[in-house]
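In: Sharing a model prediction with you, sequence too.
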There are 2 protein chains.
Amino acid sequence: MKLNQIENGFELFYKQKSILCHTTQHPAFFVGIGEEKIASYRGNFQIEDRIIERLPLKYSTIKENTIYLSYDEKTPFQLKIQISPRSDRDLILTIQSMNPSLNRFWLRLVADENEKVWGGGEQMSYFNMKGRHFPLWTSEPGVGRDKTTEITFLSDKYHKAGGDYYHTNYPQPTFISSQHYACHINSTAYSEFDFRHTDYHELHSWEIPKSIEIYTGDTFLTIVEKLSLRFGRQPKLPEWIYNGVILGLKGGEKNSFSRLDNARAKGVPVAGIWCEDWAGVRQTSFGKRLFWDWKWNPKRYPNLAKKIKQLKQQNIRFLAYVSPYLCDDGELFPIAKEKGLFALNAQKEVALVDFGEFYCGVLDFTNPKTREWFKQEIIQKNMLDLGVSGWMADFGEYLPTDDLYLANGMDAKIMHNAWPPLWARVNAEAVEERALTGEILFFMRAGFTGSQQYCPMLWAGDQCVDFSRHDGLNTVICGALSSGLLGNAYHHSDIGGYTSLFGHRRTKEVFERWVDMAAFTPMMRTHEGNRPDENFQFDQDSSTIAHLARMTKIYCHLVPYLKSLVDEAYTKGYPVQRPLFVHFEQDINTYDIQDQYMYGAELLVAPVHKQGVTEWRVYLPSGETWISVWTAQEIQGGQTITVPAPIGKPPLFYRKNSQWTDLFAAIADIS
Amino acid sequence: MKLNQIENGFELFYKQKSILCHTTQHPAFFVGIGEEKIASYRGNFQIEDRIIERLPLKYSTIKENTIYLSYDEKTPFQLKIQISPRSDRDLILTIQSMNPSLNRFWLRLVADENEKVWGGGEQMSYFNMKGRHFPLWTSEPGVGRDKTTEITFLSDKYHKAGGDYYHTNYPQPTFISSQHYACHINSTAYSEFDFRHTDYHELHSWEIPKSIEIYTGDTFLTIVEKLSLRFGRQPKLPEWIYNGVILGLKGGEKNSFSRLDNARAKGVPVAGIWCEDWAGVRQTSFGKRLFWDWKWNPKRYPNLAKKIKQLKQQNIRFLAYVSPYLCDDGELFPIAKEKGLFALNAQKEVALVDFGEFYCGVLDFTNPKTREWFKQEIIQKNMLDLGVSGWMADFGEYLPTDDLYLANGMDAKIMHNAWPPLWARVNAEAVEERALTGEILFFMRAGFTGSQQYCPMLWAGDQCVDFSRHDGLNTVICGALSSGLLGNAYHHSDIGGYTSLFGHRRTKEVFERWVDMAAFTPMMRTHEGNRPDENFQFDQDSSTIAHLARMTKIYCHLVPYLKSLVDEAYTKGYPVQRPLFVHFEQDINTYDIQDQYMYGAELLVAPVHKQGVTEWRVYLPSGETWISVWTAQEIQGGQTITVPAPIGKPPLFYRKNSQWTDLFAAIADIS
């Protein structure tokens, strides 16, 4: 990578291609002043900006490794940019504002007509982001996420919660270009990636970012490896996860454990039971919600401590649930309030957040006292000491930006996106302090830059219990692929989806198709959904439980292969689920595929994500001979084929020359 | 009004109040460069802007009557503004761009917390615009116009046509402030009025406007009078209009005229029959649409010429329909094409516009040849010579901005808003050339600055056939009041509404409530709607036709009074329907009322616009004793009262000291 001075500006090159070109005529840097308006309702944010000033920084002066930028030759410098090469392939532009009133920043990178761009955190709708615009702000992902569907309309109307294609629990201002470079904006402010223009990408941030980082590599995998080193690598998965499915059950002690016993009796390999209601429940119009007072609820689970021990002896782990908030009607709230652990409002009172018919205090993790208290009192004493082996570390996206004051004195607007990794860090440190990293597994939906370092496992958030384009099964794949490229090696989802509203209910078909996909992810976990009684459950009929048993056996059967992928994730940062193109760079047809994935380098999975189909179209990348797991047929790559796709036989192909052919071939024999 | 130099800037005062204040610290003028994206679909426009540059013009230099503005002391001047006082009360700021690359302009005026602002053309949802943002671009007004309603959702989904509160056929960048001034932006470019800020109004235009005009007055009526002089005054209404209702019928000759005869036999006073299908019809999925080939269709109306003569002898006029487009499957299209009368695309072919399952050429009225041909061949020969006395001059809002080239060489983006007055002018000139001004009445929904001069009568466009908040009966009142303040003295609407989609159908109740209101507007006209067969019609039952007869008699009974209002409109520019506050400035409670109006200075009308009500709440302005028309009861003003409101007795009050008390009192006796 090279930075050259050119007439009236400068240009950044990689392999003869221009990445960034700044001239007086076509400036790449803009700064300005904006006045935003952020309205939030239960984790859904309505964000507006009014640009008061936007100055093109036309004039540049380069002194050694430093660039000074101004609007005009005669006006004051606005930015000072220091260029620090990291090897001859990577570059950090460290940016310093020379005008304290600036709060908006734009950078244009050179775009190519045929370019693809991927990343942006965990994107649920569009894997290749070219041609679209992506606000990056952690939030509820939306229900429906498609303004043309009735469920989105109703969610918008009644809960302001319909969402859109770019809403995600886990945004991140980082992308990889098909031009073989990655760009990262080092800022936690609200940002936007605009890939709609033919000749430039515009990256926008609501502060002057600390730096812009650019990484290049000969192959996409090299870049993925670099990003994973940059953002942090996850520990290996715990051994117990490989034992089978984790059953999500929340009916209280009797219901949950008897259903676990039943599943085991029907031959389902079970790694754990996940009772998110371990701390109690409350009823709301959305459905059953948990009681956010993070300690064992002996009314709902009278014998939990004993039960957890018994289960562990049977090689079955118990998983719980926690969030970074405490409900104001719980027992822990007054304790934390007394200790001054909550974020405050202007009146110096605890800032309460509406979570949907109940209110919570926001534990202020910028306060070291809060972190210590939460780690010790909640995670270590209330959870680890109880014997739990994992949990859903839910939420982290709701940090309000209005009337909320934090202990570190930072603006909540700047801390909003920083919250998910901060929340992940509290969990990770609590585990690490007990030397249980790699043995305890928590999983999160919220994320941002740095989550990679602390969060050992993502889950895809709350899909609708359906096959819808923007909120159904297929969005999980898109989420795994986009987040995976940025160093999140492990991803999974609620089997069967979660959100059931306005009469939309989970069917047997949706549930079983989801199981078919989940067997080829690093972790299988069922969820009852927000309204268990109205939605199809794994043990509702004998054929479904048999199907779950068989698919879990396939998952277990593949553990040796999965462990090799975990090793690869640990040493190289490659995600377990990968976009086809990272292994088939030469085949441009793979660059836009977002509903198939490579499970490691060897196995191609094409989950069925439509209702009522018996066949499925699959693209097999070129330069390889593929073998169908179910028919043993050999198929030449470089073509789209149509295959039978009954439930229980998701389209699945492996490389003919794989060292794992025996293992893969044996999948077909599992019953 | 005074312009004073102050430290680092200048300030414009009226009556000790600051209207415009410009300093280095708080500039009022901004300029910049934007890149817009305008997508249109059947008259619905999706408009996006990307601001590339926005420069605050912080530095000002005043030389005599000229202000020069720049970003910085050391950078070039961007704007030159010449100040021309018109009397000591009004002011024109003539603006000249000194930088040809500028295409965006912003002006901030001083706002007051308690201020109200009205105008913006014909606004259908919000009369007082304070607190809201108004894009000003002529377009379809939308179906439903409320993103929380199902009909809007479905219209958006299937036709991109749901619209929103600010969509209107007739926008105009002019407003009146409760601070007793009016401001007009002299530009036809896309513009936005942003009244959301507490301390400033921001006016925005997609070009450097030719000028900004500011008018002040001691009373609101003085300002209305000035605006009406500025924008042009309408001729008086023709005498024949006062004879009764105009019946909209479009079933072809036999159906239309037999229903006219029936109405007359049932005692309905009829001024005219309006057959919009005089040129033929076509069937589309929206409903019956007209055949846009502007000449008498002898198949549908075999004896029309003769019939028109007969009717005229009976004092009944015939009204037709015309639009500024020709369908490409009509007989006139090839003629106009041959003569080169259409707007062209880049291939120099006729630019065709999709009007919903049929395509039309856009008659290029910037071409004098087109204007002459249309006036002579269509309006004069095909319509006036046939004997028509009026017509709906429909549309004018669809001018595409992409791939459309006009004879005058102007950008279609600049001509888009200019189109409605240009279309009105063609109609007005055709009439004037036959010396029929004031005798022929055409009516339009599309408008923009200058329509006042050419269009003798507005109609409120296409409401839904219901009582909905943003697209029902009540929006007609808001439209009359806002457009009326800007010099449009005459306004009326389709009785019963027009648009029936997605199972929404006109009821007897909606129709009759609409009649109740229409009797107190300058013109009564029924409309069958877009799907006549599925919607309630005036002659569908005997009680409705009797009700129509009685309310039309009331309209006729009030003609002496109405004529006095027409005289007032002619001499002073006051609208016939007026917001309460222009006559009750001292009563601030009247400033936000948008569902009641003064019919002239003497009669207060409060139309019922909700379903199934038997009573209605009415605010009676203070400082007056009011008499209820229906009960003769005297009521002191300055209070909200609840009155019985059966169909046929819309809440109606007159001033006790009016010179028209006898006429008003006699309304109650009409049966």
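Out: Right, received. Where do you want to start? Numbering: from 1, shown residues only, chains lettered A, B, ... in the order given.
In: Can you pull the poorly scored residue ranges out of the stretch 251-400 of chain A?
Out: The stretch 251-400 of chain A contains no residues with pLDDT under 70.
In: what about the strands in it?
Out: A:270-274, A:281-284, A:287-290, A:317-322, A:325-327, A:352-354, A:359-362, A:390-393 (DSSP state E, counting those that start in this stretch).
In: show me what contacts the closest residue to A:Val605 other than its chain neighbours?
Out: Excluding the flanking residues, the one nearest A:Val605 by Cβ to Cβ, 6 or more residues apart in numbering or on different chains is A:Phe520, at 4.6 Å. (Glycine included, C-beta is placed from N, CA and C.) By Cβ atoms under 8 Å, 6 or more residues apart in numbering or on different chains, the contact list for A:Phe520 reads A:555, A:558, A:577, A:599, A:603, A:605, A:607, A:650, A:652.
In: repeat for A:Gly340
Out: If you count contacts by Cβ under 8 Å, 6+ apart, then A:Gly340 has A:367, A:369 around it.
In: ok, it to A:Lys295 distance?
Out: 20 Å (Cβ to Cβ, to the nearest Å).
In: Phi, psi for the residue lying closest to A:His416 once chain neighbours are set aside please.
Out: With Cβ to Cβ, 6+ apart as the criterion, A:His416 has its nearest non-adjacent residue at 4.6 Å, and that residue is A:Leu399. Main-chain dihedrals, A:Leu399, degrees, to the nearest 10: phi -50, psi 110.
In: from what I can see A:Leu399 touches A:Trp419, true?
Out: Yes - using Cβ atoms under 8 Å, A:Leu399 is in contact with A:Trp419, at 4.7 Å.
In: higher neighbour count, those two?
Out: Counting neighbours by other Cβ atoms under 10 Å in any protein chain shown for A:Leu399 and for A:Trp419 shows that A:Leu399 has the greater number, 28 against 24.
In: which residues sit in contact with the more buried one?
Out: A:362, A:412, A:415-416, A:419.
In: quick one: which of the residues you listed has the most company?
Out: That'd be A:His416 among the contacts of A:Leu399, by other Cβ under 10 Å, with 26 neighbours.
In: Quick check, that residue in contact with A:Thr401.
Out: Yes - counting by Cβ under 8 Å, A:Thr401 is a contact partner of A:His416 at 5.9 Å.
In: Give me the phi and psi for whichever residue of chain A sits closest to chain B.
Out: Residue nearest to chain B within chain A (Cβ to the nearest Cβ): A:Lys74, separated by 3.8 Å. For A:Lys74, the backbone dihedrals are phi -100, psi 0 (criterion: degrees, to the nearest 10).
In: nearest spatial neighbour of it, skipping sequence neighbours?
Out: B:Lys74 is the one closest to A:Lys74 (Cβ to Cβ, 6+ apart), at 3.8 Å.
In: and that neighbour, what does it touch?
Out: Per Cβ under 8 Å, 6+ apart, neighbours of B:Lys74: A:72, A:74-75.
In: any idea how far A:Ala460 is from the residue lying closest to A:His609 once chain neighbours are set aside?
Out: Residue nearest to A:His609 in three dimensions, not counting chain neighbours: A:Asn474, with 3.9 Å by Cβ to Cβ, 6+ apart. Per Cβ to Cβ, A:Asn474 is found 11 Å from A:Ala460.
In: More neighbours: these two, which one.
Out: More crowded of A:Asn474 and A:Ala460, by other Cβ under 10 Å: A:Ala460, with 27 against 22.
In: got a pLDDT number for the closest residue to that one other than its chain neighbours?
Out: Leaving out its chain neighbours, the residue that sits closest to A:Ala460 by Cβ to Cβ, 6+ apart is A:Ser493, at 3.9 Å. Here, the pLDDT recorded for A:Ser493 equals 98.
In: What count of nearby residues applies to A:Ser493?
Out: Neighbours of A:Ser493 using other Cβ under 10 Å come to 28.
In: so who does it touch?
Out: A:459-460, A:463, A:476, A:479, A:514, A:518, A:521.
In: Mind checking which of the residues you listed land in helices?
Out: Counted as lying in helices by DSSP state H, out of those, are A:476, A:479, A:514, A:518.
In: Close to chain B: what parts of chain A are there?
Out: Within chain A, the positions near chain B by Cβ under 8 Å from any Cβ of the partner chain are A:30, A:32, A:51-56, A:71-72, A:74-75, A:147-148, A:150, A:153, A:156-157.
In: Now, of these, which are buried?
Out: A:30, A:32, A:51-56, A:71-72, A:75, A:147, A:150, A:153, A:156 (16 or more other Cβ atoms under 10 Å in any protein chain shown).
In: In helices, which of these appear?
Out: Per DSSP H, those map to helices at A:150, A:153, A:156.
In: Which residue is the nearest non-sequential neighbour of the last one?
Out: Once flanking residues are discounted, A:Asp156 sits nearest to A:Gly162: 3.5 Å by Cβ to Cβ, 6+ apart.
In: what about the one you found, how many neighbours?
Out: 23.
In: Would you confirm that A:Tyr170 contacts A:Ser451?
Out: Yes - look at A:Tyr170 against A:Ser451 with Cβ under 8 Å: they come within range, at 6.9 Å.
In: Now do the shared contacts for the two.
Out: What both A:Tyr170 and A:Ser451 touch, as defined by Cβ under 8 Å, 6+ apart, is the set A:420, A:458.
In: where along the stretch 551-671 of chain A do the helices fall?
Out: A:559-572, A:661-665 (DSSP state H, counting those that start in this stretch).
In: Which parts of the longest one count as buried, going by neighbours?
Out: Same thing as helix A:559-572. Here helix A:559-572 shows A:559, A:561-562, A:565-566, A:568-570 as buried, counting by 16+ other Cβ under 10 Å.
In: Export the helices of the stretch 551-671 of chain A to a markdown table and append columns for mean pLDDT.
Out: A markdown table is the format used below for those (pLDDT from 0 to 100):
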| stretch | mean pLDDT |
| --- | --- |
| helix A:559-572 | 98 |
| helix A:661-665 | 98 |
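In: CSV please, covering these and showing distance to A:Leu344.
Out: Below are the helices of the stretch 551-671 of chain A laid out as CSV (distance: least, Cβ to Cβ, whole Å):
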stretch, distance to A:Leu344
helix A:559-572, 40
helix A:661-665, 56
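In: Cool, thanks, signing off.
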